[in-house]
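Asker: Compute the structure for the input listed below.
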Amino acid sequence: MENSLQFVQWLRSVAPYIHAFRGKTFVVAFPGELVKAGALPVLAQDLSLLHALGIRIVIVHGSRPQVAEQLALRSVEGHFHNGVRITDTAALECAKEAAGELRLDIEAAFSQGLPNTPMAHAAISIISGNFVTARPLGIVDGVDLQLTGQTRKIAYATIDQILHAGSLVLLSPLGFSPTGEAFNLTMEDVAVSAATVLRADKLIFISETPMMVEPDGTEIRELSSAQADAVLNAGYLPEDTVFYLKHAVKASRSGVPRVHIVPFELDGSTLLELFTHDGVGTMVSYENLESLREATIEDVGGILKLIEPLEADGTLVKRGRELIEREIDYFSVIEHDGVIFGCAALYPFKSEKMAEMACLTVNPEVQAQGDGERLLMHMEKRARMAGFTKLFVLTTRTAHWFLKRGFIRAGVDALPKDRQHMYNWQRKSLVLIKNL
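Answerer: Alright, predicted model coming up:
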């Protein structure tokens, strides 16, 4: 019975994501290392599940270790410049062979139909072709990259028709010029170009690299493109991770709303990243940092205007101007064009390493656009940086929203001692707590 309840709760928790993702376009890119590690069959099952949920899938594969194997068989040494292969004629032939072999392996993986697997009776068609036009990279830093190229154009209309017809699209890291030449491309470049031109809702890199961490070991779960620049400039990430992150930033600044870098070493990492609130990888999004920030005294008027209707109907505890002015350092706000349309406050209880998030409010005119969630994640990060291990909220009307985002019910006795003394027994607010 307990397992049944857990299943029902899990299904309910992922339902909002299923509704949100239906009809959306995801570009999913993975390196040749994933295939070499034997993880392709499981990934095919996971992507087939996404396809069954109505998500339009474009797959981009890499081939670096497979090309290296082909070169080794020919006793040819590979050469790189800034992480990009220098492709001579022999290397190009190896890239073609590797791409052809990988294409067949991927098509075979998506042709599985074993009973009792996510692919049973799936009958998925996956289509590839000359969808990538390329041009030579040329000479970079005085180094001739020869037949290494970069994406020039993606056959958007053709790919869109295929996706609309219910098939998956497969892109290899090879491109062709109008004169018939072939060029070796990077998987990351093709993926970013495809996600940009297709106006994909997500670009997902399933990487061979581990989870990104700060120098102190703190996991990096989410970055704005500006924050990603700061991380790159700090210079503490491994070279392979840097390559992924640079392309994630490029995609973000080219209009892709969400870019995920997810380690493939964890079974089901793609599904965990997409269908759990915190995910298992790093998400990069374009965000104007000035629009989500800590509040200043100049924001008091905007905060008051935002929360007054909710104070009037009893959703929020009434706060006067003087109180907000005194507590303004606890607040964060979302601002667009000088207008405050979201706010939240973080009250510290240092001895218990707990923090209370209060006054989470978003202007009704822009609700359902994810700004409440952005504020929540911002406050969680703010609490973590301050050394708190638990975040709690007291609410009378919005418990379900918090429960869907990882909070759990608790009793008043779970609150910090000082907060227990201030608990309003007339309001009888529910206590919800989340481990950070």
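Asker: Pull out the buried positions in stretch 92-108.
Answerer: Of the residues in stretch 92-108, those buried by neighbour count under the rule 16 or more other C-beta atoms under 10 Å are 92-99, 102-103, 105-107. C-betas here are computed from N, CA, C, even on glycine.
Asker: do the same with stretch 321-335
Answerer: Residues 324, 327, 328, 330, 331, 332, 333, 334, 335 are the ones in stretch 321-335 that count as buried (16+ other C-beta under 10 Å).
Asker: which regions of this structure sit below the pLDDT cut-off?
Answerer: Segments of the chain classed as low confidence (criterion: pLDDT under 70) are 1-2, 113-122, 277, 287-290, 336-338, 365-366, 368-369.
Asker: need the strands for the stretch 51-200 of the chain, in chain order.
Answerer: Residue ranges of the strands in the stretch 51-200 of the chain, as given by DSSP state E, counting those that start in this stretch, are 56-61, 80-81, 84-85, 126-128, 132-136, 139-140, 143-144, 149-154, 168-171, 174-176, 182-184.
Asker: again but with the stretch 301-436 of the chain, I slipped
Answerer: With DSSP E, counting those that start in this stretch as the criterion, the stretch 301-436 of the chain has strands at 331-336, 339-349, 354-362, 390-395, 408-410, 430-435.
Asker: Turn the ones you listed into CSV, including distance to residue 174.
Answerer: Formatted as CSV, the entries for the strands of the stretch 301-436 of the chain read as follows, by distance: least, C-beta to C-beta, whole Å:
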stretch, distance to residue 174
strand 331-336, 43
strand 339-349, 45
strand 354-362, 46
strand 390-395, 48
strand 408-410, 49
strand 430-435, 46
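Asker: out of these, which comes closest to residue 184?
Answerer: Set against residue 184 and scored by C-beta to C-beta, the strands of the stretch 301-436 of the chain come closest in strand 331-336, at 43.3 Å.
Asker: That closest one pairs with which strands, and in what direction?
Answerer: Neighbouring strands of strand 331-336 in its sheet, by DSSP bridges, are strand 292-294 (antiparallel), strand 339-349 (antiparallel).
Asker: Return the alpha-carbon coordinates of it using CSV.
Answerer: The C-alpha coordinates for strand 331-336 follow below in CSV (Å, rounded to 0.1, in the frame of the first residue of the first chain):
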residue,chain,number,x,y,z
PHE,A,331,13.9,40.9,0.7
SER,A,332,14.7,40.0,-2.9
VAL,A,333,12.7,41.3,-5.8
ILE,A,334,12.0,40.7,-9.5
GLU,A,335,12.0,43.9,-11.5
HIS,A,336,11.3,44.6,-15.1
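Asker: what does that strand rub up against?
Answerer: Defining contact as C-beta atoms under 8 Å, 6 or more residues apart in numbering, one finds that strand 331-336 is touched by 290-295, 299, 302-303, 324, 340-346, 359, 362, 371, 374-375, 378-379, 382.
Asker: would you turn the strands of the stretch 51-200 of the chain into TSV with mean neighbour count and distance to residue 246?
Answerer: Written out in TSV, the entries for the strands of the stretch 51-200 of the chain read as follows (neighbours: other C-beta atoms under 10 Å; distance: least, C-beta to C-beta, whole Å):
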stretch	mean neighbour count	distance to residue 246
strand 56-61	25	16
strand 80-81	14	15
strand 84-85	22	12
strand 126-128	18	26
strand 132-136	20	19
strand 139-140	12	15
strand 143-144	14	18
strand 149-154	20	14
strand 168-171	24	20
strand 174-176	21	20
strand 182-184	24	19
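Asker: closest one to residue 416 among those strands?
Answerer: Distances from residue 416 to each of the strands of the stretch 51-200 of the chain were compared by C-beta to C-beta, and the smallest falls on strand 56-61, at 46.6 Å.
Asker: Only alpha carbons, please: show the closest one as CSV.
Answerer: Presented in CSV, the C-alpha positions along strand 56-61 are these (Å, rounded to 0.1, in the frame of the first residue of the first chain):
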residue,chain,number,x,y,z
ARG,A,56,9.6,16.7,-30.2
ILE,A,57,13.1,15.2,-30.1
VAL,A,58,16.2,16.1,-32.1
ILE,A,59,19.3,14.0,-31.3
VAL,A,60,22.9,15.1,-31.9
HIS,A,61,25.6,12.6,-31.3
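Asker: Show me what it is packed up against.
Answerer: Contacting strand 56-61 under the criterion 3 or more C-beta pairs under 8 Å, 6 or more residues apart in numbering; DSSP states H and E are the following elements: strand 25-30, helix 40-52, helix 89-109, helix 156-164, strand 168-171, helix 187-197.
Asker: Which strands and helices lie in contact with the shortest one?
Answerer: Judged by 3+ C-beta pairs under 8 Å, 6+ apart, strand 168-171 is in contact with strand 56-61, helix 89-109, strand 126-128, helix 156-164, helix 187-197.
Asker: one more time with 6 Å
Answerer: In terms of contacts (3 or more C-beta pairs under 6 Å, 6 or more residues apart in numbering; DSSP states H and E), strand 168-171 is packed against strand 56-61, strand 126-128.
Asker: I'd like these as JSON lines, with distance to residue 244 appended.
Answerer: Conversion of those to JSON lines gives the following (distance: least, C-beta to C-beta, whole Å):
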{"stretch": "strand 56-61", "distance to residue 244": "13"}
{"stretch": "strand 126-128", "distance to residue 244": "23"}
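Asker: and this structure, what are its domains?
Answerer: Recorded structural domains for the chain (assignment: automatic domain parsing) are 2-285, 290-435.
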